[in-house]
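S.K.: Got a sequence here, can you model it:
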Amino acid sequence: MTSIPSNLGRVPNSLASRISLSNLGRTNASLLRVQSQIATGREVLRPSDDIVRSATISVLDDRLERSEQLLRNFSHADSALGVLDSVLAEANEFALQGKSIASGQVGSLTTASDRAGAALVVDQLIHGLFNGVNRASVAGYVLGGSQTSRAPIEAFLGGFKYTGSGPGLTTDLGFASAVPITLGSGNPLTATSTRVRGSVDLDPVATMDTRLGDLNGARGLGVSMGTFQFSFSGAPAVTVDLSSADTIGDVAAQLTGAIRQYETDNAVTVLGPGGISVSGSSFSIDVAPGVPAPSLAFFEVGTGVTARDLGLTADTPFVFSPTTATGASLDPKATWLTPITALAGVTGTLGSIKVSNAGRSATIDLSSAQTLQDVRNLIEGSGLGVRVAINAEGTGIDVLNELSAGSAGALSISEVTGQGLTATRLGIRTLTSDTSLQDFNFGSGVHVVDGKINPTTGVLDPALNVDFRITLGDPAGTTLDIDLRPQDLTTVQTLIDRINSEAAGQLAAAGLPATAFAAGLADGDNGIALVQDSTFTQLRIESRNNSTAADELGLLSGTYNPASATLIGSDRAKVRVDSLFTHLIDLRDALATNNTRGIALAGESIDGSIADLADTRGLVGGYAQRVDKATVREIDRATLDESTRSQLRDVDFTVAATNFSLLQTQLEAGLRVTALASSRTLLDFL
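M.R.: This is a model prediction of the structure:
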């Protein structure tokens with residue numbers, strides 16, 4: 001109310017007016033606040049209204065904003081995963097149809113014409129699969145991995161090439177959790193070959209230009225740059241800071257500068273004419289000779305590890321002296337900038353290699369390569385759908401086949417005669433003496449007859465365990481029976497050793513020299529080479545005891561070269577992309593050529609793809625389930641936060657309406673009292 005306090009007797013009119021106006025102003029302010037609360041629905045309109053509640057409301061606002069973003073993420077992820085599952089389901093249908101066709105066409109009652117017609121159906125399945133896998137969702141192409149802006153599969157050289165990269169995009173589920181919403185390679189639709197792994201440690205040596213980040217370091221844990229100390233012949237230690245160094249040359253220059261300054265300050269000679277250099281993969285320090293023999297030692301500062309990482313000291317300390325100049329190995333990694341001349345694991349200059357893929361071959365001359373990047377560019381520039389990568393350990397290069405072109409168009413990397421076994425020295429030849437026989441025939445391996453018992457005598461019969469017979473081209477037509485055992489099927493070398501061992505005794509028994517026959521690998525096309533005396537006529541191979549070994553080793557389909565008296569078996573260690581595209585192409589080609597065995601093998605491979613697709617769909621379903629659960633959890637949490645914020649922030653309309661009515665009455669009364677008081681004059685008191 002607007003009134004003059006009772007403790008005041010007579011007051012000036014101006015004071016009474018100011019008191020009345022002040023009270024009216026407060027009433028108006030309160031009325032405005034209540035009106036704002038009713039209009040906005042909020043009791044706390046600004047932090048000054050209630051500091052404690054405002055702080056809590058601010059936290060809840062942030063949480064609710066994040067919840068809104070997470071729910072948008074979940075909706076985005078759910079949509080992308082739905083499209084991905086649809087793509088996999090459609091691919092599964094194509095695979096089931098292919099398997100059904102293979103099962104129906106493998107029987108003896110099916111004619112070549114029937115199979116040719118079925119081949120056209122399978123060809124349509126392939127094109128349908130191609131269109132299906134190139135579908136996009138809100139996240140881009142669902143099978144493009146981390147590169148979702150372009151179609152992941154493209155038609156290439158009669159096959160299908162995967163062009164995506166990376167493991168895939170992920171979405172934030174909160175609580176430090178994420179879920180993939182696109183897939184990269186490694187599933188039945190976007191597989192790439194993984195068996196052409198570099199089998200040779202290129203063992204690069206260090207140079208002054210080698211970056212410290214490309215070193216494994218003397219401890220095998222990389223190089224951590226910082227400070228360390230050195231001491232010359234037991235003198236007080238000097239600290240060196242190498243935190244700014246980026247290359248081995250930087251380390252050598254800064255360490256040389258510190259030691260030269262020490263020489264100037266103390267009038268001594270520490271370094272000889274060789275200074276600090278790199279020897280192999282280690283630092284080499286030329287310590288000047290003297291009497292007594294001087295020594296240069298390095299020490300860590302505190303918990304630092306820089307000196308040990310650089311091979312200048314070790315857990316068991318050592319010193320550099322005029323007779324001990326080399327530190328521990330820095331173990332450099334291979335990089336694209338590594339010079340070919342710095343690869344200790346590759347002796348001699350590079351020559352040419354032969355790459356065959358998708359039914360095409362190219363001879364690639366690597367003699368001009370200066371770095372590993374040049375090797376990569378030359379191989380990938382052949383346009384045969386292969387990609388070159390440095391392995392995770394940084395010790396060698398891998399060649400990946402990204403082209404699904406069927407078994408007939410699988411990848412093979414072989415030598416070019418007279419080029420110094422370049423592919424073997426680089427470790428990328430697909431058939432070497434170390435190749436596992438389990439990798440033959442696209443992973444089905446080689447099978448032999450073993451442990452056969454003579455039904456009459458009941459004892460082991462060597463004749464029943466012979467896998468194939470080699471008939472030499474000598475006048476007597478000498479035969480060599482080869483009995484392979486399971487223990488001989490480890491690598492190509494163990495197989496070759498067994499063939500030569502079996503042949504040696506039989507050659508001697510036939511009166512032929514040991515040089516009349518030998519098995520090995522040729523310097524040229526891939527395949528097991530059987531070499532006989534140059535004066536013999538053509539060599540022949542035949543299977544025995546229903547063994548499939550000769551066929552699975554490629555000997556039955558080999559080519560005989562009269563000039564070198566050598567039979568070179570077909571390459572059974574080729575590398576194909578194990579994808580549904582490959583298996584359907586195999587089925588189509590087998591149907592078109594009326595190849596019953598090929599139809600059966602393709603059907604088995606498709607069955608494997610169906611199982612892999614089921615696993616992939618299960619994985620995607622698991623991701624979708626996580627998204628659904630996260631959505632429910634986030635909605636519940638947001639609802640609770642919203643309820644709590646409402647209790648703290650929102651106005652009680654009943655209370656506000658009551659206060660509004662009271663303030664209106666108070667304002668009206670105040671105005672009347674003020675008006676009445678203001679109308680009185682001195683005459684009213686006379």
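
S.K.: Now stretch 377-392: buried residues?
M.R.: Neighbour-count burial for stretch 377-392, counted by 16 or more other Cβ atoms under 10 Å, picks out Leu378, Ile379, Ser382, Leu384, Gly385, Val386, Arg387, Val388, Ile390, Asn391. Quick note: C-beta positions are derived from backbone N, CA and C, even for glycine.

S.K.: Quick one: the helices in the stretch 401-550 of the chain, in order.
M.R.: Secondary structure of the stretch 401-550 of the chain by DSSP state H, counting those that start in this stretch: the helices cover 422-426, 492-509, 549-552.

S.K.: could you dump the ones you listed to JSON lines with distance to Thr349?
M.R.: As requested, these are exported to JSON lines (distance: least, Cβ to Cβ, whole Å):
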{"stretch": "helix 422-426", "distance to Thr349": "9"}
{"stretch": "helix 492-509", "distance to Thr349": "26"}
{"stretch": "helix 549-552", "distance to Thr349": "37"}
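
S.K.: Can I get those helices in a markdown table including mean pLDDT?
M.R.: Converted to a markdown table, those look like this (pLDDT from 0 to 100):
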| stretch | mean pLDDT |
| --- | --- |
| helix 422-426 | 92 |
| helix 492-509 | 95 |
| helix 549-552 | 94 |
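
S.K.: Comparing the ones you listed, which stretch has the densest surroundings?
M.R.: Stretch with highest mean neighbour count among the helices of the stretch 401-550 of the chain: helix 422-426 (a mean of 24; mean count of other Cβ atoms under 10 Å).

S.K.: Which elements pack onto it?
M.R.: Here helix 422-426 touches strand 352-357, strand 412-415, going by 3 or more Cβ pairs under 8 Å, 6 or more residues apart in numbering; DSSP states H and E.

S.K.: now what about it, what contacts it?
M.R.: The contact list for helix 422-426, computed with Cβ atoms under 8 Å, 6 or more residues apart in numbering, reads 198, 200, 202, 346-348, 350-354, 366, 375, 396-397, 413-416, 429, 432.

S.K.: go on, stretch 247-263?
M.R.: For stretch 247-263, contacts defined as Cβ under 8 Å, 6+ apart pick out 206-212, 215, 230, 232, 238, 240, 242, 244-245, 268-271, 275-278, 283, 310, 330.

S.K.: for stretch 438-448, same thing?
M.R.: 195, 407, 410, 437, 467, 484-486, 488-489, 495, 547-549, 552-553, 572-574, 576, 578.

S.K.: C-alpha coordinates for it, CSV please?
M.R.: The C-alpha atoms that make up stretch 438-448 are tabulated as CSV, following Å, rounded to 0.1, in the frame of the first residue of the first chain:
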residue,chain,number,x,y,z
GLN,A,438,47.3,-74.5,-47.7
ASP,A,439,47.0,-71.3,-49.8
PHE,A,440,46.9,-73.3,-53.0
ASN,A,441,43.6,-73.4,-55.0
PHE,A,442,42.3,-70.4,-53.2
GLY,A,443,42.6,-71.9,-49.8
SER,A,444,41.4,-75.5,-50.4
GLY,A,445,45.0,-76.7,-50.3
VAL,A,446,46.4,-79.9,-51.7
HIS,A,447,45.2,-83.4,-50.9
VAL,A,448,47.1,-86.7,-51.1
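
S.K.: Now intersect the contacts of stretch 247-263 with the strands, please.
M.R.: Those of the contacts of stretch 247-263 mapping onto strands are Phe230, Phe232, Val238, Val240, Leu271, Gly275, Ile276, Ser277, Val278, Phe283, per DSSP state E.

S.K.: In terms of residue numbering, what are the domains of the chain?
M.R.: Domains of the chain are assigned by automatic domain parsing as 1-43+650-686, 63-191+580-634, 212-320, 340-430, 462-568.

S.K.: Before I go, just wanted to say thanks for your time.
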